[in-house]
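Student: Pasting the sequence and the predicted model now:
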Number of protein chains: 2
Amino acid sequence: MNDSDGGAGRAARSKRADARRNEETLLDAAAAVFVASGVEAPVRDIAAKAGVGVGTIYRHFPTRADLIIAVYRHQVEACAEAGPALLASSATPHAALGQWINLFVDFLVTKHGLAAVLQSDNAGFETLHAYFLDRLVPVCTQLLDAAVDSGEIRSDVEAIQLMRGVGNLCIGAEHNPHYDARRLVELLIAGLRLPPG
Amino acid sequence: MNDSDGGAGRAARSKRADARRNEETLLDAAAAVFVASGVEAPVRDIAAKAGVGVGTIYRHFPTRADLIIAVYRHQVEACAEAGPALLASSATPHAALGQWINLFVDFLVTKHGLAAVLQSDNAGFETLHAYFLDRLVPVCTQLLDAAVDSGEIRSDVEAIQLMRGVGNLCIGAEHNPHYDARRLVELLIAGLRLPPG
DNA sequence: AACGATACGGAACGTTGTTCCGCTTTACAA
DNA sequence: TTGTAAAGCGGAACAACGTTCCGTATCGTT
């Protein structure tokens, strides 16, 4: 019923070419800086990398969360879409759940600082929270439900809870020899199994 | 037997009375502010609450970590000392481990923001890291070893790893209706059990 | 009382996020 | 091609924070 264009007849003129170019540049710069310095890198660093003023960043991406979302949207979408695919192709729902969680963990662990930001109660990251949750919780719910139905796991854990837990376990997982997030997540998933008896 | 003086003959003159008073005041103020606003509350807030300049805080506690340690030292010590006691009084080592972890979780969850700070890779919290690890990891190791020896749990998880995982799971656990850190920690501990077969 | 050591307060500095506004560039029409 | 309003831009400016520094006040001792 609405969007910036609508399509009716209003012609809502498309963005200026320089603006479109800048947005592109900004996304590339942000991606590079995120890799180099983590997602909490100073805004000024990103602006500098892009050869742009900080104002330009805020015009295109009102909050840092919007920028992060834009940078990682493709990968989040891919992860979301992998859920049903895994469910269809795996031997058991539990196996599918495990593989999907692995995908999620790999994503978080390779994005320096993302997991931390994801759990931050800092207002301004609400958009990021909402996006991740909206996109991934339903997928996780589907996998979880399937595994419950097949009698493989306990039924008293909600997807949102599990995902927050997994996200938390991924915090600070980069280059820390004494911490292996993947291992701990495996333990958590193992703990989901129905207790014997 | 002694006071801050080492005892030899050096006379290392004791602190001035106002300094001692201020340190006391500061600890009380910090504790109050930590409860009200979390452990990441602005230094200026603590100074104001204590009726003191910020310089005074930094003179007594060179880093924020030192202040946090001073405020919570008693409780960390209590937790550490509870380990062997639980091991002695519990039915099985695994039960002792579970109860001890519960103690640890309760401590973290009730100290607003502590868990987050504990995992922060921010330099300046190194002292805090070191203190918690030095004090608690050996205790956890003892419990873990006992449970391994009794054949209750897998043997390939180190204490430091487990504690970091538990600490991470406690992040953001305050007043969040969709997140129950205790539950997830239970799952993690359950995942420690030897797989059937 | 006087004096040196100790401790204090808070201004000042550096680093961040975020806003704001004067100037530039663009797109379009004449 | 040229003129013009709208769109966009850069970066100065502001606010909030941690941290340092130093002139001044206080303490303990002589």
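Tutor: Yes, it's here. Numbering: from 1, shown residues only, chains lettered A, B, ... in the order given.

Student: Please report how far whatever residue of chain A ends up closest to DNA strand D lies from A:L26.
Tutor: When scored by CB to the nearest atom of the strand, chain A has A:G55 as its residue closest to DNA strand D, at 1.9 Å. Placement of C-beta: from N, CA and C, glycine included. Distance, A:G55 to A:L26, by CB to CB, to the nearest Å: 12 Å.

Student: With A:N176 instead?
Tutor: From A:N176 across to A:L26, the span is 31 Å (CB to CB).

Student: What of A:V117?
Tutor: A:V117 is 18 Å from A:L26, by CB to CB.

Student: Kindly report the same for A:K15.
Tutor: 13 Å.

Student: who has more neighbours, those two?
Tutor: The residue with more neighbours, out of A:K15 and A:L26, is A:L26; 24 against 12, by other CB atoms under 10 Å in any protein chain shown.

Student: Now name the helix or strand holding that one.
Tutor: Taking DSSP states H and E as the definition, A:L26 sits inside helix A:17-37.

Student: tilt between the next helix or strand after that helix and helix A:17-37?
Tutor: Once the chain leaves helix A:17-37, the next helix or strand it forms, by DSSP H and E, is helix A:43-50. Orientation of helix A:43-50 against helix A:17-37 (axes from the mean of the first three to the mean of the last three CA atoms, to 10 degrees) gives an angle of 120 degrees.

Student: Helix A:43-50 - contacts with which helices or strands?
Tutor: Counting contacts by 3 or more CB pairs under 8 Å, 6 or more residues apart in numbering or on different chains; DSSP states H and E, helix A:43-50 is packed against helix A:17-37, helix A:54-60.

Student: Do any residues in the next helix or strand after the shortest one lie close to DNA strand C?
Tutor: Downstream of helix A:54-60, the first helix or strand assigned by DSSP H and E is helix A:64-89. Yes. Under the criterion of CB under 7 Å from any atom of the strand, helix A:64-89 makes contact with DNA strand C via A:R64.

Student: now check helix A:64-89, is it near DNA strand D?
Tutor: No. Shown here: helix A:64-89 not in contact with DNA strand D (CB under 7 Å from any atom of the strand), separated by at least 13.7 Å.

Student: Tell me if the helix or strand containing A:L143 is near chain B.
Tutor: Element membership for A:L143 (DSSP H and E) is helix A:126-149. No. Helix A:126-149 stays clear of chain B (CB under 8 Å from any CB of the partner chain), getting no nearer than 9.3 Å.

Student: Pull out the buried residues from that helix.
Tutor: Buried residues in helix A:126-149, defined by neighbour count with 16 or more other CB atoms under 10 Å in any protein chain shown: A:128-129, A:131-133, A:135-137, A:139-144, A:146-148.

Student: How about stretch A:169-187?
Tutor: Buried positions in stretch A:169-187, judged by neighbour count with 16+ other CB under 10 Å: A:169-174, A:179-181, A:184-187.

Student: Need the distance between the two termini of it.
Tutor: In stretch A:169-187, first residue to last residue: 11 Å (CA to CA, to the nearest Å).

Student: follow-up on the earlier one: could you dump the helices and strands packed on helix A:43-50 into a markdown table with mean pLDDT and distance to B:P195 added?
Tutor: Shown next, in a markdown table, are the helices and strands packed on helix A:43-50 (pLDDT from 0 to 100; distance: least, CB to CB, whole Å):
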| stretch | mean pLDDT | distance to B:P195 |
| --- | --- | --- |
| helix A:17-37 | 97 | 37 |
| helix A:54-60 | 98 | 50 |
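
Student: Output these in a markdown table; the columns should cover distance to chain B.
Tutor: Below are the helices and strands packed on helix A:43-50 laid out as a markdown table (distance: least, CB to the nearest CB, whole Å):
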| stretch | distance to chain B |
| --- | --- |
| helix A:17-37 | 12 |
| helix A:54-60 | 23 |
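
Student: mind putting the ones you listed in JSON lines, distance to DNA strand C included?
Tutor: Compiled in JSON lines, the helices and strands packed on helix A:43-50 are given as follows (distance: least, CB to the nearest atom of the strand, whole Å):
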{"stretch": "helix A:17-37", "distance to DNA strand C": "3"}
{"stretch": "helix A:54-60", "distance to DNA strand C": "3"}
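
Student: mind checking which of the ones you listed is nearest B:R21?
Tutor: When those are compared by CB to CB, helix A:17-37 sits nearest B:R21, at 43.8 Å.

Student: Any residue of that closest one touching DNA strand D?
Tutor: Yes. Contact of helix A:17-37 with DNA strand D is found when judged by CB under 7 Å from any atom of the strand, involving A:18-19, A:22.

Student: Narrow those residues to just the buried residues.
Tutor: A:N22.

Student: ok, the residues of helix A:17-37 next to DNA strand D vs B:S155, which is closest?
Tutor: Nearest member of the residues of helix A:17-37 next to DNA strand D to B:S155, counting by CB to CB, is A:N22, at 55.6 Å.

Student: quick one: contacts for the closest one?
Tutor: With contact taken as CB atoms under 8 Å, 6 or more residues apart in numbering or on different chains, A:N22 is in contact with A:50, A:52, A:56, A:60.

Student: what do you get if the cut-off is 10 Å, keeping everything else the same?
Tutor: By CB atoms under 10 Å, 6 or more residues apart in numbering or on different chains, A:N22 lies in contact with A:15-16, A:50-52, A:56-57, A:59-60.

Student: hmm, back to that, pull the number of nearby residues for the residue of chain A closest to DNA strand D.
Tutor: By other CB under 10 Å, the residues close to A:G55 number 9.
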